[in-house]
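Engineer: What shape does this take:
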Amino acid sequence: AYGAPADLEHLVDEAHRRGMYVLLDTPVNHVADSCPWFRAARQKACEGVPAGGAGRNPYCGYFYFHPDPGSRLPYSAWHKPWDWSRTDHRAVWYLPYAFDAAADRNEQYYGGFARGMPELAFWDFAAGAWNAPVVEELARFVRTWFGAGIDGLRIDAAKHFVEGNTTNASAREPRNLELLQRVGVQARALAPTASLVAEIWSGYEDIDPYVPATTDAALDFPYFHAIRESIEGPSDRPPLREVLRHLARTQDAIPLGSRVTFAGNHDVSRLRTHFPGDDARLRLAHFLAFLAPETTLLFYGEELGFEGKVKRPGPPPADPSRETEEERKQRLEEYLHTDRAFPWHGRDASGGHAGPKAPGAGLPEDAAAHNLETERRDPASLYTYVKSLAALRRAFGATAGTRLFVDETLYGHVVGYTLVTPGPKPSCRTVVVSLQDRDTYTVPVRHAAAACAGAPLDEAHADGAQRREQGATVRYVLSPRGRVVLDGRAP
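Structural biologist: Numbers count the residues shown, from 1 in each chain. The predicted model follows:
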């Protein structure tokens, strides 16, 4: 769908020439039900062959099939992972589409995410051992793509390679961590600087065991939720302060940079859709992501303010018998409108792509207003603002060993923290932000680290913030959603 191997190698070469790295998004815990492996495994000739078993074709044992998954563990304990307590095994076990009793095995297969996404059987539960052919397919995958010169992998659904014996909702399955460690070892044998980024959509209690023991970094979903929730509903205990405290508490074991913060990705509604008609909130979300004390990810199109809604199936009602067919249809509706083609310009339907029309799902609906050509020319555009945040982030020069200190003298809606680089004369950066959307606050501002005592408070960025100095004390008047970034080097 995206060209030949030579095209990828050319892309990697050109990226490297520009000082960029290429990581591939790798959803390797499942395949599509149109995959030749699954088409072979669903055949009648494979009926009765368990995961890891041998059949008439080599793919019979690549997936979890069972005639009655509700009758045995662990299959009966696997529910919808994100709605485990309100669903049961029937939500994740399926007969194939267009099932034909004469041609297909009369057994259900496991698809934890969707019917069209059967999951690979890396572990043979009956034998209590690795399913060697499937594990070797994963190793071959690693050899193939790192052999093409890529720099790393973004591992989709990283907590679902091996499900548990009593649940498929926990990320702390030891065999799952072991398999990901294998992937890292294999990758670095081919590319010593290979980087693995794990997608673990969960809380820190599930994410932290993976980093850095299993992967170099993990997507920081708690930070993502904290950004949106702190902006949506200002409270005296904003979630942003709590995640910052967690990062500070755990930085000895999990160095800064090991988590990847973001304000949006393909699985959630885009920022402009989430904060409709509120450009100030949208910009604040970008500020919090770019100035976070961790690695930052920008989902393409967010710098232009793409629109795009995500709808996931809802849980069943307490009394399903009272649900109408129309209500059921709306509840089960699912769509992802975040994957539109990038609009290089908005002059026509091509958006700057080859051919008369942009590829895939086409351009975003608002491409005429929000496209690269238009926003590049506008000094007040969102694109220009995001570029300035990227430059502001680079200017500090965080390094390995950079430390985080949360300013506990600030409270309520105002959150502050300081980053300190190592060395005899450390560089210090302090970020202070008001999450309140109504009131103005006057707060004292300082570097919240002893190593920064005497370091100046040079203003690197201010938005809705006015400086007031009284002797050695620096205060800022913060308007609603006001923020300031102050830099200095310790003497």
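
Engineer: element containing His16?
Structural biologist: His16 belongs to helix 5-17 when assigned by DSSP states H and E.

Engineer: again but with Arg393, I slipped
Structural biologist: Per DSSP H and E: helix 382-396 holds Arg393.

Engineer: How far off centre is stretch 116-126?
Structural biologist: From the chain centre to the centre of stretch 116-126 is a distance of 23 Å (Cα atoms, centre = their mean, to the nearest Å).

Engineer: measure it end to end?
Structural biologist: The straight-line separation of the ends of stretch 116-126 (Cα to Cα, to the nearest Å) is 25 Å.

Engineer: now the angle between helix 382-396 and the longest strand along the chain, please.
Structural biologist: Secondary structure of the chain per DSSP state E: the longest strand is strand 473-489. On the basis of axes from the mean of the first three to the mean of the last three Cα atoms, to 10 degrees, strand 473-489 is oriented at 70 degrees to helix 382-396.

Engineer: Spell out, range by range, the helices that occur in this structure.
Structural biologist: 5-17, 36-41, 132-147, 174-190, 204-207, 221-232, 239-250, 271-274, 279-290, 325-332, 372-377, 382-396 (DSSP state H).

Engineer: Just list what the second one packs against, helices and strands only.
Structural biologist: When you say that, I think you mean helix 36-41. If contacts are counted by 3 or more Cβ pairs under 8 Å, 6 or more residues apart in numbering; DSSP states H and E, helix 36-41 sits against no helix or strand. No exception for glycine: its C-beta is placed from N, CA and C like everyone else's.

Engineer: Residues in contact with it: which ones?
Structural biologist: Residues outside helix 36-41 that contact it (Cβ atoms under 8 Å, 6 or more residues apart in numbering): 31-33, 46, 57-63, 65, 109, 118.

Engineer: can we see that at 7 Å?
Structural biologist: 31, 57, 59-60, 62-63, 118 (Cβ atoms under 7 Å, 6 or more residues apart in numbering).

Engineer: Now for this protein, the helix or strand with the poorest mean pLDDT.
Structural biologist: Every helix and strand in the chain was compared by mean pLDDT, DSSP states H and E; the lowest is strand 335-336, with a mean of 69.

Engineer: gap between the most centrally placed residue in the chain and Gly464?
Structural biologist: In the chain, the centroid-proximal residue (Cα atoms, centre = their mean) is Leu219; its distance is 4.7 Å. Leu219 sits 30 Å away from Gly464 when distances are taken as Cβ to Cβ, to the nearest Å.

Engineer: which intervals of this protein have sub-threshold pLDDT?
Structural biologist: Low-confidence segments of the chain, defined by pLDDT under 70: 1-2, 234, 315-316, 332, 334-335.

Engineer: At which residues are the strands of the stretch 351-491 of the chain located?
Structural biologist: 403-406, 414-420, 427-434, 441-444, 458-470, 473-489 (DSSP state E, counting those that start in this stretch).

Engineer: Distance to Leu24 and mean neighbour count added to those, as a markdown table?
Structural biologist: Below are these laid out as a markdown table (distance: least, Cβ to Cβ, whole Å; neighbours: other Cβ atoms under 10 Å):
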| stretch | distance to Leu24 | mean neighbour count |
| --- | --- | --- |
| strand 403-406 | 30 | 21 |
| strand 414-420 | 30 | 24 |
| strand 427-434 | 32 | 25 |
| strand 441-444 | 44 | 16 |
| strand 458-470 | 34 | 14 |
| strand 473-489 | 34 | 20 |
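
Engineer: nearest to Tyr385, of those?
Structural biologist: Closest of these to Tyr385 is strand 458-470, at 9.3 Å (criterion: Cβ to Cβ).

Engineer: Starting from the closest one, tell me which strands it pairs with and how they run.
Structural biologist: strand 473-489 (antiparallel) (DSSP bridges).

Engineer: distance between the strand it pairs with and the chain's centre?
Structural biologist: The answer for strand 473-489 is 30 Å, by Cα atoms, centre = their mean.

Engineer: And stretch 442-459, by the same measure?
Structural biologist: On Cα atoms, centre = their mean, the centre of stretch 442-459 falls 33 Å from that of its chain.

Engineer: And for stretch 264-277?
Structural biologist: On Cα atoms, centre = their mean, the centre of stretch 264-277 falls 14 Å from that of its chain.

Engineer: What are the contacting residues of that stretch?
Structural biologist: With Cβ under 7 Å, 6+ apart as the criterion, stretch 264-277 contacts 228, 263, 281-282, 285, 299, 302, 305-310, 336, 338-339.

Engineer: nearest to Gly257, of those residues?
Structural biologist: Ala263 (17.9 Å).
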